[in-house]
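A.B. asks: sequence and predicted model, in that order:
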Amino acid sequence: MDTGISTIRRIGTDNVEAFRRIRLEALREEPLAYASSYEDWAVLGDDEWRDRMREPVFVAFLAGEPVGLAGLSRQRPSRMAHRASIVMVYVRKSLRGTGVADGLIDAVIAEARGMGIVQLELAVTAENRAAVRFYERKGFVEIGRVPGALIHEGREFDDLMMALRIG
Ligand SMILES: CC(C)(COP(=O)(O)OP(=O)(O)OC[C@H]1O[C@@H](n2cnc3c(N)ncnc32)[C@H](O)[C@@H]1OP(=O)(O)O)[C@@H](O)C(=O)NCCC(=O)NCCS
């Protein structure tokens, strides 16, 4: 998929290096946006990175360089298999507001529809107003709040739970 500025591709284990680069950039630059820390992922071996690519991973490329990321994680229990979460969403700061994030989410939604998913969900730090606003614009609605969902540098942060019906 072409967003006009970048190209979005679902990448496979033959491109683990692109995944590693953009995921570690996201965790380093935006520590409050994710449940995992940079340190959690920096220590992973090649097999563990490939293992995390068993589910769909989409990367936005600009001039061959990874600049954005989004993943899809489906519920495993059979009665929940119509649900999946959007995870790891990130766009490099210099490319925000350009439509790269739209392209990533649209690619994840298309993939999810193809898998028969009817409900997408996500968790976002309540204070992350740009991300909340972005997801609202994509049609997600707030369905709940997890108090003290994350502890970062000794402080608790709430998560907002959001959902989008795509069936
Ligand atoms: C979340 C993210 C992918 C969205 O991409 P983006 O290019 O910034 O998204 P957009 O510019 O299309 O939309 C952001 C919206 O928030 C608004 N916004 C930007 N900064 C804001 C702020 N500080 N407060 C409130 N709204 C803000 C923008 O105006 C825009 O709203 P609009 O469409 O009504 O104009 C990107 O911001 C990002 O990578 N953030 C860091 C990582 C992150 O938070 N990931 C989400 C994990 S759940």
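C.D. replies: Done, it's in. Residues are numbered from 1 along each chain as shown.

A.B. asks: let me see the ranges of the helices in this protein.
C.D. replies: For the chain, the helices defined by DSSP state H occupy 16-29, 38-42, 46-51, 100-114, 129-137.

A.B. asks: in the third one, what's buried?
C.D. replies: By neighbour count, with 16 or more other CB atoms under 10 Å as the criterion, the buried positions of helix 46-51 are residue 49. Any C-beta I mention is one placed from the backbone N, CA and C, and that applies to glycine too.

A.B. asks: packing partners of it?
C.D. replies: helix 16-29 (3 or more CB pairs under 8 Å, 6 or more residues apart in numbering; DSSP states H and E).

A.B. asks: so which elements touch the helix it packs on?
C.D. replies: Under the contact definition 3+ CB pairs under 8 Å, 6+ apart, helix 16-29 sits against helix 38-42, helix 46-51, strand 57-62, strand 65-74, strand 83-91.

A.B. asks: on that earlier part again, hey, which of the helices of the chain is tucked in deepest?
C.D. replies: Neighbour counts (mean count of other CB atoms under 10 Å) averaged over each of the helices of the chain peak at helix 100-114, with a mean of 19.
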